[in-house]
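Student: return a 3D structure for these sequence lines:
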Amino acid sequence: MVAKNNWTREETIIAFNVYCKIPFKSSSKSNPTIIKYADIIGRSPSALNMKVGNFGRLDPELKKQGIVGLAHGSKLEEEVWDEFNGNWEKLAFESEQLIAKFSNRPIEEVSEIEVEDIREGLERESVVKQRVNQSFFRSTVLSSYYFKCCITGLSIPDFLVASHIIPWSSNTEQRLNPRNGLCLNSIHDKAFDRGFITITPEFNIRVSKIFGDFEKEKAVQDFFIKYENQKINLPDKFLPAKEFLDYHYHNIFKK
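Tutor: Model prediction:
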C-alpha cells in the first residue's frame, strides 16, 4: 500500500469509530477489525492501529486504570475527541455515514441492519438512523466488555445484549453513551431492565428480595441469588457511569 500523508478529518472520525468498536488491549495491526477498516479508508493496518492508540491517550477512564495510549498524537485527534466524546448520537451516525461513503455501499448494509420492512421517505430515514445508532451502541458496549456478560462471563454473541442502565425512553441525551451500557446475557438483561437486579455505583450486584419467594428453586439460586454482592467484570474502557448506576438503583431496582 502506498504511503499516505496527513490524515483527513473524515479518516480521523472513522478511526474514532474503530476505537469505540474494538477492545483497547486487543488492538493490533493483525486484528481483523483494524485490517477491515484500514482497507476501507486506504490506510495500512499499522497506521490505523497507531491512530486507535492515539485516541487511547485522550481517554481519562483509561488513564485511571493505568492503561495509556500512545504518547504522541495530532491536534486533529484532540479536535475530533472533543467534538464527539459526549455527543454520541452525532458520532454514531456521522461516522457510519463516512464508512458507507468510503465503502461505496448503503449505510444499512455497512451497519448490518434490517430495513426491508420500512417504506421509502422520511419514516425510512428516521428508522435507518435509529437502527444504525443502536447497532453502533451495541458494538461499542459489547467490545468494551470483550464480548462477555459482565455478570456471568457468557461469551455466546447471540445471547448478549447491550443493556441500557438508564432506559432508552428515560433520557434521550444518554441513549448512545457507552457509559450508559452494560454487556449482559439476555436473561440478566431482562432482570436488570425490570429491576429484579441492579449494580451499585461500587459495581456490586444486588438481587431483589422479590426472589425470596423462589429461593428454594435451584435455577433461581444459579441465575440470581449466588451473584448477590459479587462485583461485575469491568470493561477496559467506557466504565459504567456511577451516576447512571445510582439512578437505576434508586429508581428501577425493586428493593
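
Student: which one's the longest helix in this structure?
Tutor: helix 122-144 (DSSP state H).

Student: which secondary structure elements does it contact?
Tutor: The contact analysis (3 or more Cβ pairs under 8 Å, 6 or more residues apart in numbering; DSSP states H and E) places helix 122-144 against helix 9-21, helix 88-103, helix 107-110, strand 160-164, strand 181-185. (Each C-beta comes from the backbone N, C-alpha and C, glycine too.)

Student: could you single out the most deeply buried of these?
Tutor: Stretch with highest mean neighbour count among the helices and strands packed on helix 122-144: strand 181-185 (a mean of 26; mean count of other Cβ atoms under 10 Å).

Student: what separates the helix or strand following that one from the chain centre, distance-wise?
Tutor: Using DSSP states H and E, the helix or strand that follows strand 181-185 towards the C-terminus is helix 186-193. Its chain's C-alpha centre and that of helix 186-193 lie 17 Å apart, by Cα atoms, centre = their mean, to the nearest Å.

Student: so helix 186-193 versus strand 160-164, what angle?
Tutor: 10 degrees (axes from the mean of the first three to the mean of the last three Cα atoms, to 10 degrees).

Student: quick one: contacts of helix 186-193?
Tutor: For helix 186-193, contacts defined as Cβ atoms under 8 Å, 6 or more residues apart in numbering pick out 149, 151-152, 159-161, 163-164, 167, 182, 184, 197-199, 223-224, 248.

Student: residues of it that come out buried?
Tutor: 187, 188, 189, 191, 192, 193 (16 or more other Cβ atoms under 10 Å).

Student: out of those, which one sits closest to residue 100?
Tutor: residue 189 (29.1 Å; Cβ to Cβ).

Student: where does the stretch 51-200 of the chain dip in pLDDT?
Tutor: For the stretch 51-200 of the chain, applying pLDDT under 70 flags the ranges 68-72, 112-124.

Student: coming back round to it: can you put the buried residues of helix 186-193 in JSON lines and add distance to residue 43?
Tutor: Listed next are the buried residues of helix 186-193 as JSON lines, based on distance: Cβ to Cβ, whole Å:
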{"residue": "187", "distance to residue 43": "41"}
{"residue": "188", "distance to residue 43": "39"}
{"residue": "189", "distance to residue 43": "36"}
{"residue": "191", "distance to residue 43": "43"}
{"residue": "192", "distance to residue 43": "39"}
{"residue": "193", "distance to residue 43": "40"}
